[in-house]
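[1] Structure, please.
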Amino acid sequence: MTDVNLDEVRRQLTELNFKADKIRIVTVSAMDEATLETCTTTVNECFYNSYMNVIYGKGDRYVLGYRCEDPIVDHAIIRKGEQYFDPTLQANGDFVSYQYAILTEFTVFDMMKHAKTNKDFPPDVDYLLSKAGKFKNVIDVDKLKK
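    Predicted coordinates for the structure are as follows:
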């Protein structure tokens with residue numbers, strides 16, 4: 001797994017108006033190759049890929065957050081059971097497990113409902129910030145108002 005300074009990740013999340021102390025950090029693992037082959041894995045399209053993979057049952061949840069790198073990178077992955085997967089990066093080859101800061105997880109119904117109000121685009125971080133009042137558990141709404 002890639003080493004990352006989680007204090008630095010939390011500092012960056014706070015700078016972006018998130019409540020870093022409320023954000024759970026998980027490990028993203030590699031999925032088995034047979035399952036990966038059935039996933040949507042368009043290069044550099046993590047939001048679309050994760051959206052489609054949840055719609056077609058390859059994942060239970062669409063997970064929105066940040067890859068814990070320096071600097072952090074907004075990204076979407078999927079959750080299947082209790083595990084987190086990133087078919088987009090894994091399909092690029094040489095996949096290494098990494099840490100991921102979860103902003104929110106959507107069921108297929110919620111994901112599609114939010115996409116409908118987002119001009120049919122899968123929810124991304126900008127969308128989340130535009131609906132800050134609904135996600136005030138992880139967004140510092142008071143800081144946004146300043």
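[2] residues touching the residue nearest the centre of the chain, list them.
    Centroid-nearest residue in the chain, with Cα atoms, centre = their mean: residue 64, separated by 2.6 Å. Residue 64 makes contact with 74, 76, 102, 103, 104, 105, 106, 123, 124, 125, 128, according to Cβ atoms under 8 Å, 6 or more residues apart in numbering. For the C-beta atoms, the positions are set from N, CA and C on the backbone; glycine is no exception.
[3] Most neighbours among those, please name it.
    Highest neighbour count within the contacts of residue 64, by other Cβ atoms under 10 Å: residue 123, with 27 neighbours.
[4] Check what pLDDT that residue gets.
    Residue 123 is assigned a predicted lDDT (pLDDT) of 92.
[5] and residue 22, how many neighbours does it have?
    Residue 22: 13 neighbours (other Cβ under 10 Å).
[6] for it, phi and psi?
    Dihedral pair for residue 22: phi -100, psi 0, per degrees, to the nearest 10.
[7] From what I see, it and residue 139 are in contact.
    No. Residue 22 is beyond contact range of residue 139, at 9.4 Å (criterion: Cβ atoms under 8 Å).
[8] Check what pLDDT residue 1 gets.
    According to the model, residue 1 carries a pLDDT of 68.
[9] Helices of this protein, start to end?
    6-15, 33-37, 46-55, 87-91, 108-116, 125-130, 141-145 (DSSP state H).
[10] Take the last one, keep the C-alpha atoms, and write them as CSV.
    Once side chains and other backbone atoms are set aside, the C-alpha atoms of helix 141-145 remain, and they are given as CSV (Å, rounded to 0.1, in the frame of the first residue of the first chain):
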residue,chain,number,x,y,z
VAL,A,141,-21.2,25.0,5.8
ASP,A,142,-20.2,28.0,8.0
LYS,A,143,-16.8,28.2,6.3
LEU,A,144,-18.4,28.2,2.9
LYS,A,145,-20.5,31.3,3.8
